[in-house]
Each structure stands twice: as structure tokens, then as C-alpha cells.
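**Student:** just a sequence and a predicted model for now, questions to come.
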Amino acid sequence: MIKSMIKLAGLSAVGLAAYLYVNKKDPKEFANEVYLGTKSLVSDVQKTVAAKDNLSHNIAKLQDQLGKSKPVLSNMQQDVNEFQFKTKPHLDLITQRINNITK
């Protein structure tokens with residue numbers, strides 16, 4: 001097990017050295033790029049988690065407000081139905097007169 005880990009570490013070191021040689025990069029520059037990339041990735045993950053938490057909070061608020069609005073919407077629908085009931089005879093009369101005129 002330890003021999004395998006040592007072999008893997010050696011192969012990784014050789015691979016890294018080959019990468020740095022082929023791309024003509026300074027090891028300090030490479031380490032700095034990796035550090036900054038990792039730091040940026042961690043920052044992006046933290047922002048994503050914060051945005052997810054904010055979204056979850058806003059969804060909870062929306063669901064609460066929807067629950068509160070149901071009685072208002074029900075009352076509005078009742079008012080619309082009452083208005084339609086009261087105006088239907090008048091609209092029917094208007095429609096009948098238009099039909100008589102156009103004949």
C-alpha cells in the first residue's frame with residue numbers, strides 16, 4: 001500500500017514536472033495560479049450557497065404571501081361573479097337589439 005502511494009506520488013511529480021517543462025511555466029507561477037484558481041472557486045461556491053439560501057428564503061416568503069392572498073382572490077372572484085350576474089341581462093338585451101338592427 002505504501003509502495004503504491006510512493007509510486008503514485010512519484011508519477012504525479014514527474015507528470016507535473018513534464019507539464020511545467022512543456023508549457024514553460026515557473027513552479028512558483030504555477031503554484032500561484034493554482035492557489036488563485038482554488039480561491040476563486042471557493043469564493044464562487046460560497047456565493048452560490050448564499051444565493052441558494054436567499055432563494056429558499058424568498059420562496060418561503062412567497063408561499064406565505066400566497067397563503068395570505070387566497071382569501072382576497074376568492075373575494076375578488078365572488079365579486080366578479082356577482083358583477084357578471086347583474087350585467088348579463090343588460091348585455092343580453094344589447095345583443096338582442098344589435099341582432100334586430102342588423103337583420
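**Tutor:** Arrived safely. The shown structure was predicted, so the numbers you read here are calculated from the model rather than taken from an experiment. Numbering: from 1, shown residues only.

**Student:** and residue 25, how many neighbours?
**Tutor:** 13 (other Cβ atoms under 10 Å). For glycine as for every other residue, the C-beta is placed from the backbone atoms N, C-alpha and C.

**Student:** contacting residues for it?
**Tutor:** Residues near residue 25 by Cβ atoms under 8 Å, 6 or more residues apart in numbering: residue 19.

**Student:** how about it, secondary structure?
**Tutor:** What DSSP: H, G, I helix; E, B strand; the rest coil gives for residue 25 is coil.

**Student:** what's the answer for the one 4 residues further on, then?
**Tutor:** Under the three-state scheme (three-state DSSP), the conformation of residue 29 reads as helix.

**Student:** relative to residue 20, how far out is it?
**Tutor:** Per Cβ to Cβ, to the nearest Å, residue 29 is found 9 Å from residue 20.

**Student:** out of these two, which sits in the more crowded spot?
**Tutor:** Using other Cβ under 10 Å, the more surrounded residue of residue 29 and residue 20 is residue 20, with 14 against 10.

**Student:** please identify the helix or strand for that one.
**Tutor:** Taking DSSP states H and E as the definition, residue 20 sits inside helix 2-22.
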